[in-house]
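1. coords please:
(2 chains)
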Amino acid sequence: MALDLIERRPIANEAEERGESDTMFVTLTVARQLCGVPVLSVRDVLGEQTITRIPLAPAEVAGSLNLRGRIVTAVDLRRRLRLPPADPGEPRMSVVTEQGGELYALLVDQVREVMSLRKSQFERTPPTLPGAWAAYADGIYRLPSGLLVVLDVGRLLALAPDR
Amino acid sequence: MDDLLADFLTETNESLADLDLALVKLERAPDDGPTLSLIFRGVHTIKGTCGFLGLARLERVAHAAENVLGRLRDRVLPVTGEVISTVLAGIDRIKEIVAGIAATGSEQAGDDAAVIAALNAIAEGKAAPVATDAAVPLEQAEAPPGEPVGAAQTIRVTVDVLEDLMTLVSELVLTRNQLLQLARRQEDNAFAVPLQRLSQITSDLQEGVMKTRMQPIGNAWNKLPRLVRDLARDLNKKIELTMLGAETELDRQVLELIKDPLTHMVRNSGDHGLETPAERRAAGKSETGRITLNAFHEGGHIIIEIADDGRGLPADKIRAKAVQKGLATEAELAAMSEAQILRFVFRAGFSTAAAITSVSGRGVGMDVVKTNIEKIGGAIELTSRPGHGTTFTIKIPLTLAIASALIVQSGGERFAIPQLSVVELVRASVGDTENGNAKEAGQSRIEQINDTPVLRLRDRLLPLVNLRELLELSAPQADPDAGACYIVVTQVGTATCGIIVDAVFDTEEIVVKPVAPILRHVTMFSGNTILGDGSVIMILDPNGIARATGIAGGETRGADVGAAARPTATSLQSGERTALLIFRAGGPEPKAVPLGLVARLEHIARDKVETSAGQPVTQYRGKLMPLVPLSGMMDSERDSHPVLVFSDMDRGTGRDRAMGLVVDEIVDVAEDVLRVELSGDRAGLLGTAVIDGRATDVIDTVYWLRQAFQDWFGAAANHASARVLVVEDSDFFRHLLVPALSAAGYDVTAANDAGQALRLREAGAMFEAIVSDIEMPDMSGLEFVRRVRAEGAWAELPVIALSGLTQPHEIAAGRDAGFTDYVQKFERDALLASLEQCLAQQRPQALAA
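-> Coordinates of the predicted model:
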């Protein structure tokens, strides 16, 4: 059940051209926290997938999965953000992004809608955020319904070899 | 017609077509320098190639045309319509001759005097005599119409297009496999027949595309005759190169990868292998040495032999060199077979050439060749007979893209093992000798030596690795088939090793895909793939496994501590496992010390123990060595005492002293992940770690060294409290490093991770040097050093990497990232030496600034 977002790209581009203050984000939740990743960095959104575990891989790497014949490395966002693991049996979704020609799937709790967010609502990351969040957050949007943390996909995927 | 001529025709026809266009362009814009150069080069190339191929007539015409063009290029001659026409006439003649060659396969006789005279006249600035085509008899027309050969039937396709095609076909094969698997579940289904057809076509297509990638191995050889000729002249030797099986085809990708190793090996044979003519005469051989290259197919592999009839490899020289380089002890060498000793030439930094010639002997040779060949799943062997020569045999797979693999299961996960490295499969029962289970005859049993599993396979003892333990997989909850397992016998080079797995499925054609960059450090895997059922599966790398377990470790790495060196102790491959010496002292519970810190293990007899100033000492290597009993006192009843010798020799400080730590019993050398629970309250102990499943006390070496010499670390304080930042996430290493460095006179600041270190930089802290671990969570040492180098006050500081990863490529990666030096973890002496050196280099700069 791959919901292809590629078709939406032109819309995002137009939106950016119309008013540079709007940015489109794919919103998602991790441990009830609303987060967002720039829509242009998202290739696919996937539902529950069979994931092959990779022995000796860094703990954050959940495994690899098959996306239409391409092998995608799945990174568990909960583990990356040092959050407690999800309840077993809870369906997880993933957001597929590309980094240096390789595909990575960010394993999240739920993928929500695509939102167009105003620059005026943007704030820099408060310095008091816990380490893992501070390291991977780009900033925060103040939404009427709550706060949305913008995640830096590049930094999330800059995994150092495990020790 | 030979291939060379066909290639020449293809190329010449192409460049002739370009020449026409370019000349016309030049006529319109006589000052167009680049176009003129292009034309000149085109004609020059044709001339040059003609000479090489012995096409005399073509060469003469091209030469005359080139003359004119040269003068045009040098601006001696103005570009006029007349000049261009004459050159075009020359080009036309070249075309005719080329057409003649294409038609008959050889150059036809003909008179080109008029054309050449016209060109020469123009070149001298005279008006051209009228040269008409009619004046030239076109003998090609009369020539017997030979077999129509030529360049027309080929087109040039970029390699990228072929690579893309190959990728697509690989995907198609995978999809086909998936479809077949689905169809197999449904008995009769309407798709069965078309699917069968699709399957057939896919196979044919795969074969066809593979063929486009196939090239004769001769393409990798064509530079060798010239190389050998030059080599012979440089070395004053007579060398004859024979090449057999040049038409043997193999995948282009493989061909590219073996080109350099082959060149290197031929060079080696000529330089080291073959003797001088005088030596050969004296040995009763013909003066001319012979190097033979032979390539042939054998069961899905290509075998390439590089043989010389020279002096053979000098086994005693290799033996001496191995001892000199500290790669093996005399005793170990004595136990080795001739073949094993010869394999030392594949070790890094090993060269038997007494003198470094310009040709070879730089000590970077055969090890690189071996690594490159193993990288593509190949193997290299050598045989040598003194006085008769040396033969290297390379075995490589035909193609890298699609491989056959055995699917196995371990700890509930499936893995693929390349069929290429699988020798055989053995079903075995897990040995429980005390149980006395009567095993059915013929079934093998796994036995244990000191908790290390081995298998008696026919007449040999096969070292075993349990895949489940190696990959740290969880054990299955309830073992349904308790006591039985499969052993996949793999061969890597000459090292054979058995991999214990839970189950074996079938073999499958797999398309090898590289693993994601964030997983590259896991050397057990050579790639991953998608199976017929759509699931992703990791491909095991038998090479990596053998290295990680130390079975083939000796090939790439020297043994570090002579007496205590064991196969298990030499490998620090994964960067987290550490070789530990386990011993007992002052109690039954085991104690441990990192093996890298221990210089030697000795047994010192009771009567050799003397007392000096109330302290037990012994005479050791011509000096008095203090003995420190770990248990607090020497047991005077014992005949001899096992002693761990820590030494501090010639580290640039002029000091040469040793200390013996007396223990009760040396138990074992274990390799384990060292996670020390620190406890600061017990003097002499760092804390406790679980090693080989047992709680083990890890001793604080620094404390015991101080017991022997108060100033063990203090004497070399000439670097007067240089400030050093230590970035290390492991508590254990930090507790080892900080006291060691501060005792050596450094002012040490420790940071738990790279982030903390960078915050220190932001806070304005300054140091003279940084020592950093490589593998750390969140930010690796590599990333850290990149950031240090990128900006800020620390950009110029020496940064020393301290890591368990010491493969050459890992060291290279470290240096690329900006590390000043690279020191193996635990090598305290090496670290101190490196620090001293870095600071010494830093100091003059600081003074100059």
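2. in what helix or strand does the residue nearest to B:Met634 when sequence neighbours are not counted lie?
-> Excluding the flanking residues, the one nearest B:Met634 by CB to CB, 6 or more residues apart in numbering or on different chains is B:Pro616, at 5.5 Å. (C-beta placed from N, C-alpha, C; glycine too.) If you go by DSSP states H and E, B:Pro616 is part of strand B:615-620.
3. please export the C-alpha coordinates of that strand as PDB.
-> Taking Å, rounded to 0.1, in the frame of the first residue of the first chain, the C-alpha atoms of strand B:615-620 are listed here in PDB:
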ATOM      1  CA  GLN B 615      61.500  -6.500  47.000                       C
ATOM      2  CA  PRO B 616      61.500  -9.700  44.900                       C
ATOM      3  CA  VAL B 617      63.400  -9.300  41.700                       C
ATOM      4  CA  THR B 618      64.800 -11.500  39.000                       C
ATOM      5  CA  GLN B 619      67.500 -11.200  36.400                       C
ATOM      6  CA  TYR B 620      65.700 -10.800  33.100                       C
END
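4. residues contacting that strand, please?
-> Residues from elsewhere that reach strand B:615-620 (CB atoms under 8 Å, 6 or more residues apart in numbering or on different chains): B:602, B:604, B:608-611, B:624-627, B:629, B:634, B:645, B:658, B:660, B:662.
5. with stretch B:284-296 instead?
-> B:217, B:221, B:224, B:228, B:237-246, B:248, B:262, B:266, B:269-270, B:273-275, B:277, B:280-281, B:302-310.
6. in PyMOL, select just the buried ones from those residues.
-> To isolate the buried members of these in PyMOL, using 16 or more other CB atoms under 10 Å in any protein chain shown:
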select buried, chain B and resi 217+221+224+228+237+239+241+243+245+248+262+266+269+270+273+274+275+277+280+302+303+304+305+306+307+308+309+310
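7. returning to what we had before: by neighbours, which of the contacts of strand B:615-620 wins?
-> B:Gly660 (26 neighbours; other CB atoms under 10 Å in any protein chain shown).
8. okay, and the nearest residue to it once chain neighbours are set aside sits in which element?
-> The shortest distance from B:Gly660 to any non-neighbouring residue, by CB to CB, 6+ apart, is to B:Val643 (4.1 Å). Using DSSP H and E, B:Val643 maps to strand B:640-647.
9. with just CA atoms, put that strand into CSV.
-> The C-alpha coordinates for strand B:640-647 follow below in CSV (Å, rounded to 0.1, in the frame of the first residue of the first chain):
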residue,chain,number,x,y,z
SER,B,640,58.1,-21.6,39.3
HIS,B,641,55.9,-18.6,38.9
PRO,B,642,54.0,-17.5,35.8
VAL,B,643,54.8,-13.9,35.2
LEU,B,644,53.2,-11.3,33.0
VAL,B,645,56.0,-9.0,31.8
PHE,B,646,55.1,-5.4,31.1
SER,B,647,57.9,-3.6,29.4
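10. what is the neighbour count of the residue nearest to B:Gly660?
-> So B:Val643, with other CB under 10 Å, has 25 neighbours.
11. who touches it in this structure?
-> B:601-604, B:627, B:660-663.
12. please flag which of these sit within strands.
-> B:601-604, B:627, B:660-662 (DSSP state E).
13. in chain A, what residue spans correspond to strands?
-> A:3-4, A:22-30, A:33-38, A:42-46, A:61-67, A:70-76, A:93-99, A:102-108, A:110-118, A:122-123, A:137-143, A:146-151.
14. got the residues of chain A near chain B?
-> Contact residues (CB under 8 Å from any CB of the partner chain) of chain A with chain B: A:50, A:52-58, A:61, A:63-66, A:69, A:71, A:73, A:100, A:102, A:104, A:131, A:135, A:157-163.
15. what residues sit buried inside stretch B:502-521?
-> Result for stretch B:502-521 [16+ other CB under 10 Å]: buried residues B:502, B:504, B:508-513, B:515-516, B:518-519, B:521.
16. likewise stretch A:114-133?
-> Quick answer for stretch A:114-133 (16+ other CB under 10 Å): A:114-115, A:117, A:122, A:125, A:133.
17. only C-alpha atoms, please: export that stretch in PDB.
-> Output of stretch A:114-133 as PDB, limited to C-alpha atoms (Å, rounded to 0.1, in the frame of the first residue of the first chain):
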ATOM      1  CA  VAL A 114       0.700  16.900   4.200                       C
ATOM      2  CA  MET A 115       0.600  20.400   5.700                       C
ATOM      3  CA  SER A 116       1.600  23.800   4.300                       C
ATOM      4  CA  LEU A 117       3.200  25.700   7.100                       C
ATOM      5  CA  ARG A 118       3.800  29.400   7.500                       C
ATOM      6  CA  LYS A 119       7.300  30.700   8.200                       C
ATOM      7  CA  SER A 120       6.000  33.100  10.800                       C
ATOM      8  CA  GLN A 121       5.000  30.200  13.000                       C
ATOM      9  CA  PHE A 122       8.600  28.800  12.900                       C
ATOM     10  CA  GLU A 123      10.900  29.000  15.900                       C
ATOM     11  CA  ARG A 124      14.400  27.700  16.500                       C
ATOM     12  CA  THR A 125      14.800  24.600  18.600                       C
ATOM     13  CA  PRO A 126      14.800  25.500  22.300                       C
ATOM     14  CA  PRO A 127      18.200  24.700  23.800                       C
ATOM     15  CA  THR A 128      16.500  22.800  26.600                       C
ATOM     16  CA  LEU A 129      15.300  19.900  24.400                       C
ATOM     17  CA  PRO A 130      16.800  16.500  25.400                       C
ATOM     18  CA  GLY A 131      20.000  15.600  23.500                       C
ATOM     19  CA  ALA A 132      18.600  13.300  20.900                       C
ATOM     20  CA  TRP A 133      15.800  15.700  20.000                       C
END
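18. from the rest of the structure, what touches that stretch?
-> Outside stretch A:114-133, the residues that reach it (CB under 8 Å, 6+ apart) are A:5, A:8, A:15, A:20-27, A:36, A:39, A:80-82, A:134, A:137-143, A:148-150, B:755.
19. again, only using 6 Å
-> Outside stretch A:114-133, the residues that touch it by CB atoms under 6 Å, 6 or more residues apart in numbering or on different chains are A:15, A:21-27, A:39, A:81-82, A:134, A:137, A:139-142.
20. out of these, which are buried?
-> Of the contacts of stretch A:114-133, these count as buried by 16+ other CB under 10 Å: A:23-27, A:39, A:81, A:137, A:140-141.
21. tell me which residues touch residue 25, please.
-> No chain in the question, so chain A it is. Contacts for A:Phe25 (CB under 6 Å, 6+ apart) come out as A:36, A:115, A:117.
22. hmm, I had chain B in mind actually
-> B:Thr35.
23. what's the pLDDT at it?
-> The model reports B:Lys25 with a pLDDT of 81.
24. ok, it to chain A distance?
-> Distance from B:Lys25 to chain A, counting by CB to the nearest CB, to the nearest Å: 41 Å.
25. thank you kindly, that will do.
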